[in-house]
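S.K.: using only what follows, build the 3D model:
(2 chains)
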Amino acid sequence: AQSVTQLGSHVSVSEGALVLLRCNYSSSVPPYLFWYVQYPNQGLQLLLKYTTGATLVKGINGFEAEFKKSETSFHLTKPSAHMSDAAEYFCAVSLNQAGTALIFGKGTTLSVSS
Amino acid sequence: DAGVIQSPRHEVTEMGQEVTLRCKPISGHNSLFWYRQTMMRGLELLIYFNNNVPIDDSGMPEDRFSAKMPNASFSTLKIQPSEPRDSAVYFCASSFSLAGVPPIFGPGTRLTVL
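M.R.: Numbers count the residues shown, from 1 in each chain, chains lettered A, B, ... in the order given. Here you go, the predicted structure:
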């Protein structure tokens, strides 16, 4: 079975500070990993994904994540936070086979102060 | 493309009533997923379909919940009878049935059961 743990349900940063949202996964086979963002009263939007190849993945809005197999981690980072980054962020894992569903972590709410 | 379309966007009903949520996936997508989001439990996978066939319904809470996909362009999630604890945001998502292809989410239906 697969699972995702997001450490910290709420993270607060100042505008311009580094953003670090933590995600650890559990999977019996090499996983596919994803980060989604959810703005208030909206659906989920894909930020980035890791399937195969380069372990450092770049996404939209300046976010990136690094797949570390030895640490079973897929942490999301952004060098400089912007007020518009305030949202809820979800890490998700899926099997590396066609037609399987994503399993999500419980989410981390990011607050950005000026 | 209009994206994943869900209706209604908001539903308020009384306990014991039947509720039907509707989803139109993106044209050409052959995987469809229903998720439920609550504060307590986060994003839960309820059921998913590949090529209109239910693959895994182990996330469906109980027999009061049922889902159908009569054709490639339409799916329903029905709750009968509804209970206050069913209050949540229900998301539909669709994707191509290929490994590593992330689903695209609809805007969600906010259900309130009084």
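S.K.: for residue 32, which residues make a bridge with it?
M.R.: All of this is about chain A. On the basis of DSSP bridges, A:Tyr32 is bridged to A:Ser94.
S.K.: wrong one, chain B
M.R.: Going by DSSP bridges, B:Leu32 forms beta bridges with B:Phe49, B:Ser94.
S.K.: now do the contacts for it.
M.R.: By Cβ atoms under 8 Å, 6 or more residues apart in numbering or on different chains, B:Leu32 lies in contact with B:23, B:25, B:48-49, B:69, B:75, B:92-94. For the C-beta atoms, the positions are set from N, CA and C on the backbone; glycine is no exception.
S.K.: tell me how far it lies from chain A.
M.R.: From B:Leu32 over to chain A the distance is 10 Å, taken as Cβ to the nearest Cβ, to the nearest Å.
S.K.: contact residues of chain A facing chain B?
M.R.: Listed as neighbours of chain B in chain A under the rule Cβ under 8 Å from any Cβ of the partner chain: A:32, A:34, A:36, A:42-46, A:49, A:51-52, A:90, A:94-107.
S.K.: change it to 10 Å
M.R.: Along chain A, the residues adjacent to chain B under the rule Cβ under 10 Å from any Cβ of the partner chain are A:4, A:6, A:9, A:32-36, A:38, A:41-52, A:88, A:90, A:92, A:94-107.
S.K.: any weak-confidence spans in the chain?
M.R.: No chain specified, so I'll use chain A. Where chain A drops to pLDDT under 70, the residues are A:96, A:99.
S.K.: could you do chain B instead?
M.R.: Short version for chain B, where the test is pLDDT under 70: B:1.
S.K.: quick one, strands of it?
M.R.: All strands of chain B, identified by DSSP state E, fall at B:5-7, B:10-13, B:19-24, B:31-38, B:42-50, B:53-56, B:65-71, B:74-79, B:88-95, B:104-105, B:109-113.
S.K.: circling back to that earlier point, of all the contacts of B:Leu32, which two lie farthest apart?
M.R.: B:Met69 and B:Ala93 (13.1 Å; Cβ to Cβ).
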